[in-house]
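Engineer: please work out how this folds:
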Amino acid sequence: MNKIYKITLAFSLIALTACVPNWKPVEPAAYVKQDGFSILLPEGWLKLENPNNNSVVASTDGPNLQSFVVIQKELKDSFKTTKVEVDANILSYELMEYFIAEFKANSGDVVVEVESKEAAEVSGQDGFRVVFTYKNQKGLRFKQIVYGCNNASKLYTLTYHAPVLYYFDKNVAEFENSTKTFQIL
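Structural biologist: Here you go, the predicted model:
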C-alpha cells in the first residue's frame with residue numbers, strides 16, 4: 001500500500017472517527033449539508049458524513065477502489081508538513097502551489113506527477129484544480145483530482161481518487177458535475 005493511498009485513506013478515516021461508519025445511499029436531489037458547506041453528491045453513490053469535523057466521503061464501489069472526499073479544515077493547519085503559514089488573503093495560485101508541495105511532501109518515496117494544474121472556480125470564487133498521478137508499490141497507477149479554495153480561515157478540498165484502470169473513468173464525470181454544486185455557506 002503506497003503512502004499517498006494511505007494518506008488519502010487516512011484523511012477519509014480521520015474524517016469518520018467520531019462516528020460509527022454507516023454508509024447511506026445518496027438520495028436524489030438531496031444536498032449534503034455540513035457546518036460551512038453543502039454539495040449535491042451523485043445519485044446512487046453511498047456516503048459517510050461526519051459533522052464533527054465537516055467532511056463527507058462518497059463512493060460507488062468502496063473507498064479502496066474510488067472515493068470522493070470533501071473536507072473543510074482550518075487554513076492555518078493545512079500545511080503542517082511543509083510548515084507554510086498562510087492567511088485568508090492568499091491568492092488561489094499560491095494556495096495551489098502550497099497544496100501541491102504539501103501533497104508531494106506527504107507522499108514519501110512514491111513519485112507523484114502533476115499532470116495538470118489550473119485556476120478553477122469553486123463555489124463562485126477563485127480556486128484551483130490539480131490532477132496528480134502516481135503508482136503504488138505494486139505498480140497500479142492512480143489518478144487524483146483535487147479542487148480547492150479558501151474562504152476566511154478555512155480550506156476546502158474536493159478530491160476524487162481512483163485507479164486509472166477502469167475505476168477512474170467510470171465516475172469522473174459524476175465527480176466533475178457534483179463539484180459544480182459545491183457551496184460555501
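
Engineer: all the helices of the chain, in order from the start?
Structural biologist: 3-16, 92-105, 169-179 (DSSP state H).

Engineer: can you give me the buried ones in the last one?
Structural biologist: This points to helix 169-179. Neighbour-count burial for helix 169-179 flags 171-172, 174-175, 178-179 (criterion: 16 or more other Cβ atoms under 10 Å). Where you see a C-beta, it was placed from the backbone N, CA and C, and this is true even at glycine.

Engineer: contacts only, for the nearest residue to residue 41 once chain neighbours are set aside.
Structural biologist: Distances taken as Cβ to Cβ, 6 or more residues apart in numbering place residue 26 nearest to residue 41, at 4.5 Å, with adjacent residues excluded. Counting by Cβ atoms under 8 Å, 6 or more residues apart in numbering, residue 26 touches 32, 41-47, 58.

Engineer: now residue 117
Structural biologist: Residues in contact with residue 117 (Cβ under 8 Å, 6+ apart) are 96, 100, 128-131.

Engineer: what of residue 30?
Structural biologist: If you count contacts by Cβ under 8 Å, 6+ apart, then residue 30 has residue 40 around it.

Engineer: any idea of the pLDDT on it?
Structural biologist: pLDDT, the model's per-residue confidence, is 81 for residue 30.

Engineer: do the same with residue 50
Structural biologist: pLDDT, read off for residue 50, is 79.

Engineer: any idea how far residue 22 is from it?
Structural biologist: 10 Å (Cβ to Cβ, to the nearest Å).

Engineer: which of the two has more neighbours?
Structural biologist: For residue 50 and residue 22, the more surrounded residue by other Cβ atoms under 10 Å is residue 50, and the numbers stand at 19 against 10.

Engineer: surely the more buried one is in contact with residue 56?
Structural biologist: Yes: assessed by Cβ atoms under 8 Å, residue 50 is found in contact with residue 56 at 7.4 Å.

Engineer: want to throw the contacts of residue 117 into JSON lines with pLDDT and distance to residue 143?
Structural biologist: Shown next, in JSON lines, are the contacts of residue 117 (pLDDT from 0 to 100; distance: Cβ to Cβ, whole Å):
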{"residue": "96", "pLDDT": "96", "distance to residue 143": "18"}
{"residue": "100", "pLDDT": "95", "distance to residue 143": "15"}
{"residue": "128", "pLDDT": "97", "distance to residue 143": "17"}
{"residue": "129", "pLDDT": "98", "distance to residue 143": "13"}
{"residue": "130", "pLDDT": "98", "distance to residue 143": "11"}
{"residue": "131", "pLDDT": "98", "distance to residue 143": "7"}
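
Engineer: so who does residue 112 touch?
Structural biologist: Counting by Cβ under 8 Å, 6+ apart, residue 112 touches 4, 103-104, 132-134.
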